[in-house]
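S.K.: Provide a 3D model corresponding to the input given below.
(chains A and B)
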Amino acid sequence: MKRFAKNYLPAIVAVLAVLVLWQVLATSGAVPSYMLPSPAKVLAVFPAEGQLLWSHSLVTLEEAALGLAAGVALGFAFAVLMDAFDVLRRAIYPLLVLSQTVPVVAIAPLLVLWLGYDITPKVVLVALVTFFPIAVGLLQGFQSVDPDEVNLMRAMGASRWQVFRFVKIPGALPEFFSGLRIAVAYAVVGAVISEWLGGFNGLGVYMTRVQKAFAFDRMFAVIFVISAISLLLMLLVGLVERKSMPWRSARQEKE
Amino acid sequence: MEEKAYSSLLNVEDVTVSFEGRAVLRGVSLQLRDGELVSLLGASGGGKTTLFNVVSGLLVPDAGRVLLRGRDITGATGHVSYMMQKDLLLESMRVADNVGLPLRLRGASKAQARAEAVALLPDFGLAGAAQLWPSQLSGGMRQRAALARTYLASRDVLLLDEPFSALDAFTKADMHRWFMATQRRLGLSVLFVTHDIDEAALLSDRILVVKEGLIAGYVPVTRPGNAGDASAAGV
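M.R.: Sure thing, here's the model as predicted:
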């Protein structure tokens, strides 16, 4: 409990302070209340709109999950190939970095034109934005493995696959999870952005609708929902991370 | 010493290695007999580690060959086991799985490998440590776990490359005592690289002085219990 207080209390206090400041600012009249609704007003949206927000959230989550799965699979494949073949790494890595200079909002309309208004362009966009942190994280992880560990495994007669499985994969897990934590946040944002540009359901579509109605309180409500979803997903990644690397928590206990 | 009482286990014959035109090993030959501990003593950069890379099969020599019980194993890995200065335990595996890893590499199931490793742990002073992670071990325990793994990798020949040099003086002294007893009890045949003369004198049956890619000298050692006890030492 003491550790919990030490680790999380400052952050909780800071968030509460921001909310209080916002409430004061919004109710003081310094900013017109229709432009900046108070946190209390935003929360008041949920009883009426909760059901609708929930159904839109499910659509966005589905797109994000499918895209993330594709991005992780693709990133994994690229990282393995780049790690195994030096020449591929030299060829592809600069391309990957270059691809990150293209803004997402610039590709999204193209994808809509190419792939239509259904779920496909959204999933593709999410895959594109999540692929990079996964590929780069995993590659760094693979390359951070001590070459002596690989030599020792080889001296013991290990095959390439066994080296990969026993040394490279576990060695790359920390970097993979750092990449994944970024990727889940990208996934939700990517799905929302692609929904802005055309679609029938999802939080992005809801957002453009309430924007056209100048319903500021609902716009803020959907922002709350999006950040809550991202936060939950990142917590989930942290949980899976701890479960998949029990040796790390053992080390912390010792210290 | 009765040379013929030993069967010749490992023969290194005339091994030559050069990197980019620079000769690192210039015709090195040596023999290791069953149950014997031979030290390769010399300053860093003398070619000791290169020799180990050749014997373990990681490096193919430009000339010469390596024989294990008369069989040519030049350039083939998996025949002798190699322990480097770092213990190189895999942090992601519990002690028992680390020690049993060589068996898994040869196709044993996880449970089989683990069972054999657990049975071996008391011999290496690690009874009760099977379920721990490497990060929970002390420096001496880590080295012993790495030695146990090396032993499971090949009971024939152990190549130990300065295994105790990273330990503090007290742990090192403990490890020396323990290692001498264990080497005798299990009859381990060991090639041991060190640059510490005292360590070489303490542990070895013979010392080979390695200098500039050559075996420059040979020092027989009479260690406590060696004299008149050669056959009990491991044959």
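
S.K.: just how off-centre is the helix or strand of chain B with the lowest mean pLDDT within its chain?
M.R.: The weakest-scoring helix or strand in chain B, judged by mean pLDDT, DSSP states H and E, is strand B:214-220 (a mean of 78). Centroid displacement of strand B:214-220 relative to its chain, using C-alpha atoms, centre = their mean, to the nearest Å, is 19 Å.

S.K.: chain neighbours aside, what residue packs nearest to the residue of chain B at minimum distance from chain A?
M.R.: Among residues of chain B, the one nearest chain A by C-beta to the nearest C-beta turns out to be B:Gly78. It sits 2.4 Å away. For the C-beta atoms, the positions are set from N, CA and C on the backbone; glycine is no exception. Computed as C-beta to C-beta, 6 or more residues apart in numbering or on different chains, the closest residue to B:Gly78 that is not its neighbour in sequence is A:Gly157, at 2.4 Å.

S.K.: got the phi and psi for that neighbour?
M.R.: phi 90, psi 20 (degrees, to the nearest 10).

S.K.: hey, what's the spatially most central residue of chain B bridged with?
M.R.: Centre of chain B computed as the mean C-alpha position; nearest residue by C-alpha atoms, centre = their mean is B:Leu159, 2.6 Å away. Listed beta-bridge partners, B:Leu159: B:Tyr82, B:Leu191 (assigned using DSSP bridges).

S.K.: how near is it to A:Pro174?
M.R.: Relative to A:Pro174, B:Leu159 is positioned 31 Å away (C-beta to C-beta, to the nearest Å).

S.K.: the residue nearest to B:Gly78 against B:Thr77, yeah?
M.R.: Yes - taking contacts as C-beta atoms under 8 Å, A:Gly157 lies within contact range of B:Thr77: 5.1 Å.

S.K.: got the residues of the stretch 51-200 of chain A near chain B?
M.R.: Applying the criterion C-beta under 8 Å from any C-beta of the partner chain, the portion of the stretch 51-200 of chain A that neighbours chain B consists of A:146, A:148-149, A:151-159, A:162, A:166-167, A:170-171, A:173.

S.K.: residue of the stretch 101-250 of chain A nearest chain B, please.
M.R.: With C-beta to the nearest C-beta as the measure, the residue in the stretch 101-250 of chain A that lies nearest chain B is A:Gly157; the distance is 2.4 Å.

S.K.: contacting residues around that residue?
M.R.: Residues counted as contacts of A:Gly157 (C-beta atoms under 8 Å, 6 or more residues apart in numbering or on different chains) are B:77-79, B:102, B:105-106.

S.K.: swap in 7 Å and give it another go.
M.R.: B:77-78, B:105-106 (C-beta atoms under 7 Å, 6 or more residues apart in numbering or on different chains).

S.K.: pLDDT weak spots in chain B?
M.R.: B:1-7, B:223-235 (pLDDT under 70).

S.K.: just the CA trace of the longest helix anywhere in it, in CSV.
M.R.: Ranked by residue count under DSSP state H, the longest helix found in chain B is helix B:169-186. Output in CSV follows, covering the C-alpha atoms of helix B:169-186 (Å, rounded to 0.1, in the frame of the first residue of the first chain):
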residue,chain,number,x,y,z
ALA,B,169,38.7,-13.0,-4.0
PHE,B,170,36.7,-14.8,-1.3
THR,B,171,34.2,-16.4,-3.6
LYS,B,172,37.1,-17.3,-5.9
ALA,B,173,38.9,-19.2,-3.1
ASP,B,174,35.7,-21.0,-2.2
MET,B,175,35.1,-21.9,-5.8
HIS,B,176,38.6,-23.2,-6.2
ARG,B,177,38.2,-25.6,-3.3
TRP,B,178,34.8,-26.7,-4.5
PHE,B,179,36.0,-27.1,-8.1
MET,B,180,39.0,-29.2,-7.2
ALA,B,181,36.9,-31.6,-5.2
THR,B,182,34.2,-31.8,-7.9
GLN,B,183,36.6,-32.2,-10.7
ARG,B,184,38.1,-35.3,-9.0
ARG,B,185,34.8,-36.7,-7.9
LEU,B,186,33.2,-36.5,-11.3
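
S.K.: and the contacts of that helix?
M.R.: Applying C-beta under 7 Å, 6+ apart, the set of residues contacting helix B:169-186 from outside is B:37, B:123, B:125, B:139-140, B:143, B:164, B:167, B:190, B:202-203, B:233-234.
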